[in-house]
Structure formats: structure tokens, C-alpha cells
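Trainee: compute the structure for the input listed below.
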Amino acid sequence: MTARILDGKSIAMTIRGEIQQAVTAFIAESGVQPCLAAILVGDDPGSQVYVRNKEIACEKAGMKSRLTRLPGSTSQSDLLALIAELNKDPSVHGILVQLPLPDQIDTRVILDAVSPSKDVDAFAPENVGLISQGRPRFLPCTPHGVMQILGRSGIDVIGKHCVVVGRSDIVGKPMAMMLAQKSGPLGKSNANATVTLVHSNTPDIATWTRQADILIVAIGKPRFITADMVSPGTVVIDVGINRDGDKIVGDVDYEGLQEVASAITPVPGGVGPLTIAMLLANTLAAAKQSKSTSH
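Mentor: Next comes the predicted model:
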């Protein structure tokens, strides 16, 4: 068996085409152009690439993007003052603080300062709480991207045992919550899973990963999941992005798993492109919500 490759790039392009049409229709109807404001502190090369990609994606979708670049020496109070300004600006619909932030800044304090109605990353406690109750304002971009890949590839989640490896606030925890909901972004079949969440303190992770119908890996360790840790026919979604010398690799041993899995996402070209597509979807949703509350 050779695994089917789940092409995140082409799925992301389809979604971005849908968003572009929706943005055009929204602007025509409301006269409002959705706007994403990004903040980049310091000169982390990876962050610069991500922010540039987000700017280009906004432009292609017909949205406005604003980027504020701040030096790595920026104080926490200066960054909080900028966020307060953006929170008050009615022309800004989404605010994105690019992570990681420099050491002198408390990331949680900064993310908590973003208005929940403009928190297009869905990191704010209020938005996380709404996700847990199955009535999200926004869905977190990477887990939402995973749900889109599964749903649009014809892979149902309902009734399946989904094992999530990693418990980060950005991927692992929200992923587990979304899989267990009664309805997903693409309906009932895109949710209703039985979910196991394993992490660095779980003894013998392989015991659990071998039980998975769908395995979602976001543990931040290159090639952590090997072929012997996966049962034949499993669907494998690799969320990891790690630099290994001059190569970008995921959290699973892609070559080894191709002979075991029924379907697998590549790295790069799997989940990554979906993250930006879902950020655009959230920015459009924020603009629509802002328009409906201003009347």
C-alpha cells in the first residue's frame, strides 16, 4: 500500500478562491474592505517570511493588510499601547501578533490584550471558551485547516478514533476540542470523533498512536512518529515544521509512513498552506461581524 498524498496546497488554493469571491461580494454589499493588521517584533527570519506570505495572501483575496514592524528591543508597554490603538480602530478587523516575541515580553499578556472580536488567531480565553462550547466566534487557523483537509479529501471523522500528539494551545488542545464537537466546519461528519490526546508525559505513546484511525501529530520533534508506531491504513496528518539541515521535515517519518498509512500530508505542502487560508476566512468573518454589530 502506498499512501494517498493529501495535497494541502491545492485545497488551500480552492478555499482562497472561495474567500476571494466572498470578499468581493462583501465589499460590493457593504462598502467595507476587510483589513488584517499584523505586528512583527524583531527580525526572526521565519517570522518575516510568514508575515510576508500573509500580506501577499491578503492582497490576492482583495483584503487590506497593515504591517507594523517594531525593533526587537520594544518594551511590553509600547506593544500593549499599539494593540490598544488597533483595538479601537474601526477600519481594522483582525489583529495578528506574529510569534515568537522577544524574551522581555510576556506572550500571554500580549495575546490577552487583543480584542476577542479581532482575535483572528482564536487565542483569546473568551474565544477558546466559545470553541469548547461548540459555538465558535473564530476557529484557530491550523486546527481548522486540518478539518478542511480531512473533509475536502472525503475523510469522515464521525465515529473514528482520532489520536492527537501534542497539547499546545495553538494546535493540540483546540484540535482535540474541535474533533469531539457535535458538528464541525463541514458538518456532522467533520466532527463527532472519539479523541485521545497524548503528550510528552504520556508513557509509551506508540500504544496509543497504533490505535488511531486518524493520527494528528503536532509535537515539534522532527520525524518523531515512525512506521512501527502506526497501524496499516491510518490517516496521518503531520502539522510539524522542523528544519533538519537544509531540509524542512515534519513530525513524522514521511518516507517510512508512506508504506503504512492510507493517506498522509506532506511537509511542506500539507497543513501549512491551509493555516493562511483559514486566517483569511477569520478576517472576513471578523469584518462581517463588525458590520452586523455596527448597525
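
Trainee: contacts and neighbour counts: CA atoms only from here.
Mentor: Noted.

Trainee: helices of the chain, start to end?
Mentor: Residue ranges of the helices in the chain, as given by DSSP state H, are 8-30, 45-61, 76-88, 107-113, 125-132, 141-152, 172-180, 205-209, 254-257, 272-293.

Trainee: closest one to R69 among those helices?
Mentor: helix 45-61 (9.8 Å; CA to CA).

Trainee: pick out the residue closest to the middle of this protein.
Mentor: Centrality entry for the chain: nearest residue to the mean C-alpha point is T142, 1.6 Å, by CA atoms, centre = their mean.

Trainee: for that residue, give me its contacts.
Mentor: 170-171, 271-272, 274-275, 278 (CA atoms under 8 Å, 6 or more residues apart in numbering).

Trainee: switch to 6 Å and redo it
Mentor: T275 (CA atoms under 6 Å, 6 or more residues apart in numbering).

Trainee: got a pLDDT number for it?
Mentor: Per-residue confidence (pLDDT) for T142: 97.

Trainee: show me what the lowest-mean-pLDDT helix or strand in the chain pairs with in its sheet, parallel or antiparallel.
Mentor: Within the chain, confidence by mean pLDDT, DSSP states H and E is lowest for strand 242-244 among all helices and strands, at a mean of 90. Strand 242-244 has its sheet partners listed here by DSSP bridges as strand 247-249 (antiparallel).

Trainee: list the buried residues in the partner strand.
Mentor: V249 (16 or more other CA atoms under 10 Å).

Trainee: contacts for it next, please.
Mentor: 241-242, 267.

Trainee: pLDDT averaged over that strand - what is it?
Mentor: Rounded mean pLDDT across strand 247-249 is 93.

Trainee: for A286, see how far away T293 is.
Mentor: Plainly put, T293 is 11 Å away from A286 if you go by CA to CA, to the nearest Å.

Trainee: neighbour count: those two, which is higher?
Mentor: Neighbour count, other CA atoms under 10 Å: between T293 and A286, A286 has more, with 25 against 7.

Trainee: now do the same contact list for the more buried one.
Mentor: Each residue near A286 by CA under 6 Å, 6+ apart is listed here: H93.

Trainee: run the last query once more with 7 Å
Mentor: Applying CA atoms under 7 Å, 6 or more residues apart in numbering, one finds that A286 lies in contact with 93-94, 117-118.

Trainee: one more: A37?
Mentor: So A37 contacts 65-67, 92, 94-96 (CA under 7 Å, 6+ apart).

Trainee: give me the contact list for stretch 157-176.
Mentor: 142-143, 189-199, 209, 212-219.

Trainee: in strands, which of those fall?
Mentor: 194-198, 214-217 (DSSP state E).

Trainee: now these in JSON lines, with distance to R152?
Mentor: Shown next, in JSON lines, are the ones in strands among the contacts of stretch 157-176 (distance: CA to CA, whole Å):
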{"residue": "T194", "distance to R152": "20"}
{"residue": "V195", "distance to R152": "20"}
{"residue": "T196", "distance to R152": "23"}
{"residue": "L197", "distance to R152": "24"}
{"residue": "V198", "distance to R152": "26"}
{"residue": "I214", "distance to R152": "15"}
{"residue": "L215", "distance to R152": "17"}
{"residue": "I216", "distance to R152": "16"}
{"residue": "V217", "distance to R152": "19"}
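
Trainee: ok, and the most crowded of those?
Mentor: Most neighbours among the ones in strands among the contacts of stretch 157-176, by other CA under 10 Å: I214, with 29 neighbours.

Trainee: right, I'll leave it there.
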